[in-house]
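In: Whatever this is, show me its structure:
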Amino acid sequence: MKEKSQVFTIPNILSFFRIAMIPAIVVSFIKNLIVLCVALILVSGLTDLLDGFIARRFNMITPLGKALDPVADKLTLGSILIMLAIKKPILFSLFAIFIVKEVFIGIQGLLIIKRTGTTYSAKWYGKITTLSLYASTMLIIVWESMPQILTYVLLGVCLGLVIFSMIMYTLRNFKALKQAKTNSK
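Out: You can find the predicted model right below:
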């Protein structure tokens, strides 16, 4: 019974819901239902904020939630970025760097779990990166005739933040791995 309560917490259900919303976001984008697409992305983003708030406020933080929440973010953002990159090829570089970062950080996270049995929560730089990606992609979706210079500015900001957060998470993760190695001696 204890495991069930750790799986079916309100924050975890919200994360599962966000993952389940991805096909609807993709279909609405493909069918050019812009208002619906952006509304679904907003709901996804708001449920992301809500699940974190509920988890912290009501002491519902679980190891599954720590892993599931960022997976829901990455799947949602990855889907949005690939859709936009297909429509606006200039954005493929952002999608590619995003994927490299997530794979690289994901491997580090698996190593940390293997060596320490611990998962770490998102940091402020990851949250700012996620927020900027959500905001920028929604703006690009809504404003189809956005001036190219503005697209480049948004692309540059998002690329910079993705790279910055990759560096910061890598530093944190290597510190945790080093500490685990020191503690095991």
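
In: Which residue is the nearest non-sequential neighbour of L84?
Out: Distances taken as CB to CB, 6 or more residues apart in numbering put L91 closest to L84, at 4.9 Å, once the chain neighbours are dropped. All C-beta atoms are positioned from the backbone trio N, CA, C, and that covers glycine.

In: and that neighbour, what is it in contact with?
Out: 81, 84-85, 140, 151, 155 (CB atoms under 8 Å, 6 or more residues apart in numbering).

In: make it 10 Å
Out: Contacts of L91 were listed using CB atoms under 10 Å, 6 or more residues apart in numbering, and they are 80-85, 98, 136-137, 140, 151, 154-155, 158.

In: ranges for the helices of the protein?
Out: Taking DSSP state H to define them, one finds helices in the chain at 2-7, 10-30, 34-57, 63-87, 92-116, 124-142, 148-184.

In: Tell me how far L46 lies from S136.
Out: 17 Å (CB to CB, to the nearest Å).

In: Would you mind telling me which of the two has the busier surroundings?
Out: S136 (22 against 12; other CB atoms under 10 Å).

In: Look up how far Y125 lies from that one.
Out: 16 Å.

In: Equivalent analysis for Y169, please.
Out: In terms of CB to CB, Y169 sits 8 Å off from Y125.

In: quick one, which of these two is more surrounded?
Out: Shown here are Y169 and Y125; by other CB under 10 Å, Y169 has more neighbours (21 against 16).

In: The closest residue in space to that one that isn't next to it in sequence and I10, how far apart?
Out: Of all residues not flanking Y169 in the chain, I105 sits nearest, at 5.0 Å (CB to CB, 6+ apart). Noted for I105: a distance of 26 Å to I10, by CB to CB.

In: okay, those two: which has more neighbours?
Out: I105 (19 against 14).

In: Just want the most central residue of this structure.
Out: The centroid of the chain falls nearest to D73 when counting by CA atoms, centre = their mean (3.0 Å).

In: State the number of residues packed around the closest residue in space to that one that isn't next to it in sequence.
Out: Nearest residue to D73, sequence neighbours excluded (CB to CB, 6+ apart): T130, at 5.6 Å. The number of residues packed near T130 is 21, by other CB under 10 Å.

In: With K114 instead?
Out: K114 has 10 nearby residues by other CB under 10 Å.

In: any idea how far F174 is from it?
Out: From K114 to F174 the distance is 15 Å (CB to CB).
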